[in-house]
Each structure stands twice: as C-alpha cells, then as structure tokens.
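**Q** Here is a sequence with its predicted model. Questions after.
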Amino acid sequence: MHRILIVEDELIAAESLSLDLKKLGYEVIGIVSTGEKAINKARESSPDLILMDIMLKGSMDGITAAHEIYQECKIPIVYLSAYADPETLQRAQQIPAYGYLVKPYKIADITTTITIALAKFAEDNRRESNLLKQEKLNKIKTQALATASHDLRAPLTSILGYTELIKDYGDKLSTDKKERYFNFIRSAIDEMNDSLEDLLLISKAEEGKITLYPDEFDLVQFLQSLVDEHNNLTDKHTINFNCQHSSYDAYLDKKMLHHILNNLISNAIKYSPDGGKIDLTLQCDRDHFFLIVQDYGIGIPDNYKHKLFQLFERADNVGGIKGNGLGLSIVKKAVEIHGGDIHVESEENKGTKFIINIPKICHNS
C-alpha cells in the first residue's frame with residue numbers, strides 16, 4: 001500500500017481528497033496545510049508520494065516546499081492546482097514534476113495520475129542507479145588499467161633483463177646461475193599472473209558475474225597443502241596450521257577459497273617484514289567453519305580500518321611494501337559470495353587477525 005502525504009490549506013478539499021485516496025486503496029499518512037509542515041512531515045514519515053497544492057498560504061508556497069523536499073528526501077511530488085500563472089508553472093518545473101491534478105479533479109484522474117507518477121519515479125530511480133553503477137564500474141576499470149600498467153612494468157623489466165643476460169651470456173653462465181635467473185623470471189611471471197587475476201576478479205565481482213563452482217573436498221588436507229606451499233616460498237617466516245580435525249569435508253569453490261587464503265597469507269608474510277610466525281587456524285561447528293589468519297607484523301592503523309576493504313586503498317604505515325590495494329576487497333567479495341563474512345582485529349605494531357566464517361555447504365547463486 002502506497003503512503004501519501006496531502007499538503008492542502010483548504011481543509012474541506014483536503015478531507016475530500018483523503019477519502020478518495022482511501023477508497024482507491026492508498027494510505028494517507030497525514031494532511032498538512034503549510035510548506036514548513038510539509039517539509040517536517042516528509043522528513044519524519046518518508047511518504048511514497050506527496051500531493052502538493054501549489055498555492056499555499058503563508059511565507060512558503062508549494063513549489064518552494066516541493067523543491068526542498070525533493071532535494072533532501074527524494075520524494076516524488078504531484079502538484080494540485082486550480083490555476084497558476086505562467087511564471088508559477090515555470091518555477092514548478094525546476095524539479096522533476098511527476099504529475100499535475102487540476103481542481104476540481106475526478107477520482108479516475110487521481111488514480112491515473114498517481115499510478116503514472118509512481119511508475120515514472122521508479123523508472124527514474126532505476127535509471128539513476130544503473131548510471132551510478134556504470135560510472136563506478138568505469139572508474140574502477142580506469143583505476144585498474146592504471147594499476148595494471150604500474151604493477152606489470154616491474155616484472156616485465158625483470159623478465160626482459162634476465163632474458164637478455166641469458167641470451168648474451170648463456171654459454172658463459174654456470175648451471176646454478178642459469179637456474180637462478182630462470183627462477184627470477186618464473187617469479188616475475190607469477191607476480192604478473194597474480195596481478196591480472198586480481199584485476200579480472202574485481203571486474204567480475206563489480207559486474208556481479210562471479211560464478212561459483214563448488215566441489216566436495218577435504219578441507220584439512222587442502223589447508224595443509226596451502227601452508228606447505230607458502231612455507232616453501234619464505235625463509236623468514238614459519239606458517240603454522242592449527243586444527244583439531246584430521247579431516248573435514250567441505251563443499252566449496254576450491255579455486256576461490258585458494259584465492260581468499262592465498263591473499264591473506266601472502267599479506268601476513270608481506271606485512272611481517274621482520275619475519276616470524278604466522279598462524280592459520282581451522283575451527284568448525286555444526287554448520288560453519290571458521291578460518292583465522294593471524295600475523296604479528298606491522299598491524300593496521302585505527303584511522304584506516306574503516307577503509308580496509310575498499311578498492312585501491314592502502315594504509316599509511318606500509319612504507320615501501322608493494323601492493324595494489326585490491327586484495328582485501330576481492331577477499332571480502334569472495335567470502336560474501338560464499339554466504340560468509342569476514343572481520344578483522346588489529347593493533348599497530350602488534351599484528352593482525354582476520355576471521356572468516358563460511359557455511360559448510362556453498363550454494364551457487
């Protein structure tokens with residue numbers, strides 16, 4: 001049932017209109033007689049539509065009141081008028097007018113005008129929402145291109161440099177040195193691949209095009225392999241896996257879960273530049289499992305925590321530590337797509353703990 005506010009300073013006309021509206025199935029949330037009261041009532045009650053008499057008594061006419069209400073509350077206005085001079089009608093057009101009812105009006109005119117006004121307002125809102133989404137997506141794509149340009153330049157330079165060394169001095173290089181150069185190249189390629197994967201995922205997420213492909217697997221075995229993988233990539237850190245279960249069946253998108261945890265563990269390593277331990281803990285209850293990634297590194301400043309999961313944001317204490325500000329935003333979206341949630345506990349210079357709660361069984365949406 002649509003809720004309607006009547007702004008009319010002729011009491012008999014207002015009551016008659018109210019009765020007609022109720023007969024038509026609308027809810028009349030109030031009748032007010034001045035522009036000032038209309039503004040206050042709109043703020044207080046947020047009606048779906050306002051029927052506003054143009055010619056109100058007092059210091060504020062209906063057009064002025066309608067303008068303030070629309071700017072502040074974005075409520076559609078249908079004007080009521082017996083007569084208005086051309087100048088008044090021109091003023092009325094300064095905000096989107098969703099209809100006019102000319103006194104005396106018939107009940108059929110009321111329902112037709114209100115129905116069209118509400119439909120037009122809904123369409124305007126849909127159009128504006130789509131436009132804002134497209135503007136946001138275009139901005140993200142522009143930033144993503146700039147990020148890609150920046151992030152890919154360094155590994156490409158490394159690849160070029162090492163391939164030139166191998167090309168020019170290959171016959172003079174020892175087997176060990178060649179292998180080391182090839183490992184540098186492989187590492188640079190992996191870095192580029194990770195950056196491109198992040199950019200692709202965030203673009204899909206913003207467009208609502210991420211599709212989950214869940215499968216049943218042993219979560220304990222999966223997590224142990226992930227920990228082993230990261231322990232092999234760092235000499236300064238020890239990643240511990242804590243779990244009371246020897247096995248645990250889960251039905252999830254394994255690739256997406258790998259992306260979530262790979263991001264969090266990589267961050268834990270990155271933002272613990274002095275090395276040390278990192279803990280990955282699995283806890284389970286009847287319907288959910290909880291994944292906790294905890295480091296003891298530089299932590300997150302309090303003034304940054306509210307922006308932690310926003311795109312392209314990085315805290316001011318990261319110094320020269322590399323990053324593109326995409327990872328945690330992707331992690332949050334991926335967790336939410338699984339029907340879960342993520343929150344963080346952190347203290348600067350003492351470390352950070354990410355806690356993920358995900359249902360045991362993932363339902364593809």
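**A** The structure has been received and is ready for your questions.

**Q** Could I get the full set of helices for the stretch 1-150 of the chain?
**A** For the stretch 1-150 of the chain, helices defined by DSSP state H, counting those that start in this stretch occupy the ranges 11-23, 35-45, 62-73, 86-92, 107-169.

**Q** Who are the packing partners of the second one?
**A** Helix 35-45 makes packing contacts with strand 3-7, strand 27-32, strand 49-53, helix 62-73 when contacts are defined by 3 or more CB pairs under 8 Å, 6 or more residues apart in numbering; DSSP states H and E. For every residue, glycine as well, the C-beta is placed using N, CA and C.

**Q** Mean pLDDT per helix and strand in this structure: which one sits at the bottom?
**A** Scoring the helices and strands of the chain by mean pLDDT, DSSP states H and E places helix 86-92 at the bottom, with a mean of 69.

**Q** which residues in the stretch 251-365 of the chain form strands?
**A** For the stretch 251-365 of the chain, the strands defined by DSSP state E, counting those that start in this stretch cover 276-284, 288-295, 341-347, 351-359.

**Q** which stretch among those strands comes nearest residue 30?
**A** strand 341-347 (39.9 Å; CB to CB).

**Q** Paired strands for that closest one, with orientation please.
**A** Taking DSSP bridges as the criterion, strand 341-347 sits next to strand 351-359 (antiparallel) in its sheet.

**Q** What residues of the partner strand count as buried?
**A** 351, 352, 353, 354, 355, 356, 357, 358 (16 or more other CB atoms under 10 Å).

**Q** for stretch 46-62, same thing?
**A** So stretch 46-62, judged by 16+ other CB under 10 Å, has buried residues 47-56, 60-62.

**Q** Quick one, which of these has the minimum pLDDT?
**A** Lowest pLDDT among the buried residues of stretch 46-62: residue 55, with 83.

**Q** thought that one was touching residue 65?
**A** No - under the criterion of CB atoms under 8 Å, residue 55 makes no contact with residue 65, lying 11.7 Å away.

**Q** tell me the contacts of residue 76?
**A** Contacts for residue 76 (CB atoms under 8 Å, 6 or more residues apart in numbering) come out as 48, 49, 50, 70, 96, 98, 117, 118, 120, 121.

**Q** Give me the pLDDT for the fourth one.
**A** Here the pLDDT value assigned to residue 70 is 90.

**Q** Hmm, residue 290 is touching residue 248, no?
**A** No - between residue 290 and residue 248 there is no contact under CB under 8 Å: 11.6 Å.

**Q** More neighbours: which of those two?
**A** residue 248 (18 against 14; other CB atoms under 10 Å).

**Q** Name the nearest residue to the more buried one, sequence neighbours excluded.
**A** Once flanking residues are discounted, residue 248 sits nearest to residue 219: 4.6 Å by CB to CB, 6 or more residues apart in numbering.

**Q** just the helices in the stretch 201-350 of the chain please.
**A** 219-231, 254-270, 327-337.

**Q** Surely residue 9 is in contact with residue 31?
**A** No - between residue 9 and residue 31 there is no contact under CB under 8 Å: 9.9 Å.

**Q** would residue 185 count as being in a helix?
**A** Yes - if the criterion is DSSP: H, G, I helix; E, B strand; the rest coil, then residue 185 is within a helix.

**Q** wait, it sits on residue 164?
**A** No - at 11.2 Å, residue 185 does not count as touching residue 164 under the criterion of CB under 8 Å.

**Q** Which one of those two is surrounded by more residues?
**A** Neighbours were counted for residue 185 and for residue 164 using other CB under 10 Å; residue 185 has more, 18 against 10.
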